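turn this into a structure:
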Amino acid sequence: MSSSEYEIYEKLLQIGFSEEDLEKEMNKKAREFGGFMSQQGILFIIAKENGISIESPERENEEYEEYQGLLEEIDYDEFTVNISNLEEEMQNIVLLGKILKIFTPREFIRKDSSVGRVGSFYIADITGKVKVVAWNDTAKFMDNEYFTIDQLVRIIGGYTKSNRDGGLEVHLGKKSKIILAPQDIPQAKIDELMTVSNEERELEKQRKNDMQLFDLLSKYSFIRKVQGYIKIEDFREITKKDGDKTFLLKCIFSDNSMAMRLVVWGMNAVRMFKLIHDGDYVLLQKLAVKENTYTNEKELLYTHKSSLEVL
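Okay, the predicted model is just below:
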């Protein structure tokens, strides 16, 4: 190990890395770069991600220029993943998107009685959107006055995790990083990111118009987004004509304009029954509207494309 590598190595140990953890991190970075990054380059990347400056006034100009050159080689765009390509158990994710929605961070008590912090927000690129969950020190970044809706953000070092509804979220741990308004993004890419997909624009339109269930039903046969209160009406196991068993959940969904039955079948019914409680305020998305052949009343049908979030 050269003297410059050793210096960075020592600085990383000083900020809390153990030798074992640092070795694991270096091996992980080596796998990420497919063997094309030197040990020196890997140490510089880890140092930069952890806020360590490698500039030093004692360095000779030639050596400093070499350091700067290595830093400029770090191109996160090469490792950025489209949101639509996220899969289970992905690690070290780099995302670039626009902040759509922010949930206020909150504190919680761990089993050891210490206090933790968690916050979450949605980001979108042109391929989709995803909820990002930030824990502890990473969540503190959400207190930044510039952390606002419509801001561009880069996520570094996230990992995917399934939520209670069966969807994917991106979680941020102690080594993850949030960069607001990254400066190395071409203008064409910025313009692209500021334009969300047609579906997201429709959802945003409905949100801005604050459309109620009654208004939505008069205009659409498919409800893209609606918020209101939910109450469980019935949950039971049903035997179908072919002898197979399934599950049925019936709820009453209501907002300020009206109340309507929500019907959920199969394992979606089981998952939702475990998730909700009477009186919960929820966000429902991508619901079908169907007429009940027995009562001739319209009902909301929860399909495999639908989602529910307790707010």
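
where do the strands sit along the stretch 151-300 of the chain?
152-162, 168-172, 177-180, 222-239, 245-254, 259-265, 280-291, 298-310 (DSSP state E, counting those that start in this stretch).

buried residues in the shortest one?
Pointing back at strand 177-180 there. 177-178 (16 or more other C-beta atoms under 10 Å). For every residue, glycine as well, the C-beta is placed using N, CA and C.

give the partner strands of it in its sheet and their orientations.
strand 152-162 (antiparallel) (DSSP bridges).

for the fourth one, same thing?
Strand 222-239 has its sheet partners listed here by DSSP bridges as strand 245-254 (antiparallel), strand 280-291 (antiparallel).

same thing with the last one?
Sheet pairing for strand 298-310, assigned by DSSP bridges, gives strand 259-265 (parallel), strand 280-291 (antiparallel).

just those strands: most buried one?
When you average the neighbours per residue for each of these (mean count of other C-beta atoms under 10 Å), strand 259-265 leads with a mean of 19.

quick check: mean pLDDT across it?
Strand 259-265 shows a mean pLDDT of 90.

what's in contact with it?
213, 217, 230, 233, 246-254, 272, 284, 287, 290, 292, 297-302 (C-beta atoms under 8 Å, 6 or more residues apart in numbering).

buried members of those into ChimeraX, please.
Restricted to buried positions by 16+ other C-beta under 10 Å, the ChimeraX selection for the contacts of strand 259-265 reads:
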select :213,217,230,247,249,251,253,272,284,287,299,300,301,302
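
before we move on, back to that, tell me which of the strands paired with strand 222-239 lies nearest to residue 105.
Residue 105 sits nearest to strand 280-291 of all those, at 19.0 Å, using C-beta to C-beta.

average pLDDT across that closest one?
Mean predicted confidence for strand 280-291 is 87.

and for stretch 303-311?
If you average the pLDDT over stretch 303-311, you get 86.

centre of the chain to that stretch, how far?
Centroid separation for stretch 303-311 versus its chain: 15 Å, with C-alpha atoms, centre = their mean, to the nearest Å.

on the C-terminal side of the lowest-mean-pLDDT helix or strand in the chain, identify the next helix or strand.
When the helices and strands of the chain are scored by mean pLDDT, DSSP states H and E, helix 61-72 comes last with a mean of 45. Going down the chain from helix 61-72, the next helix or strand is strand 93-109, by DSSP states H and E.

care to break this protein down by domain?
Here the domain parsing of the chain from automatic domain parsing is 3-74, 77-196, 199-310.

dump stretch 289-308 to CSV, restricted to CA.
Output of stretch 289-308 as CSV, limited to C-alpha atoms (Å, rounded to 0.1, in the frame of the first residue of the first chain):
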residue,chain,number,x,y,z
VAL,A,289,-64.8,0.4,-11.0
LYS,A,290,-67.2,-2.5,-11.5
GLU,A,291,-71.0,-2.8,-11.2
ASN,A,292,-72.2,-5.5,-8.8
THR,A,293,-74.6,-7.8,-10.9
TYR,A,294,-76.7,-8.5,-7.8
THR,A,295,-77.2,-5.1,-6.4
ASN,A,296,-76.5,-3.0,-9.6
GLU,A,297,-74.3,-0.7,-7.4
LYS,A,298,-70.9,0.4,-8.4
GLU,A,299,-68.0,-1.0,-6.4
LEU,A,300,-64.2,-0.3,-6.3
LEU,A,301,-62.2,-3.4,-7.2
TYR,A,302,-58.7,-3.9,-6.0
THR,A,303,-56.6,-5.6,-8.8
HIS,A,304,-53.1,-6.8,-9.1
LYS,A,305,-52.1,-3.3,-10.2
SER,A,306,-53.7,-1.6,-7.3
SER,A,307,-51.9,-0.3,-4.2
LEU,A,308,-52.8,0.9,-0.7
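
other residues contacting it?
165, 167, 217, 220-223, 253, 260-265, 268, 272, 275-276, 282-288.

6 Å - rerun?
Residues from elsewhere that reach stretch 289-308 (C-beta atoms under 6 Å, 6 or more residues apart in numbering): 221, 260-264, 268, 282, 284-288.

pull the most distant pair out of the residues you listed.
Of all pairs in those, the most separated under C-beta to C-beta is 221 and 282 at 21.3 Å.

sorry, back to before: could I get the strands of the stretch 151-300 of the chain as CSV with distance to residue 84?
Output for the strands of the stretch 151-300 of the chain, formatted as CSV (distance: least, C-beta to C-beta, whole Å):
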stretch, distance to residue 84
strand 152-162, 13
strand 168-172, 11
strand 177-180, 21
strand 222-239, 18
strand 245-254, 29
strand 259-265, 25
strand 280-291, 16
strand 298-310, 14
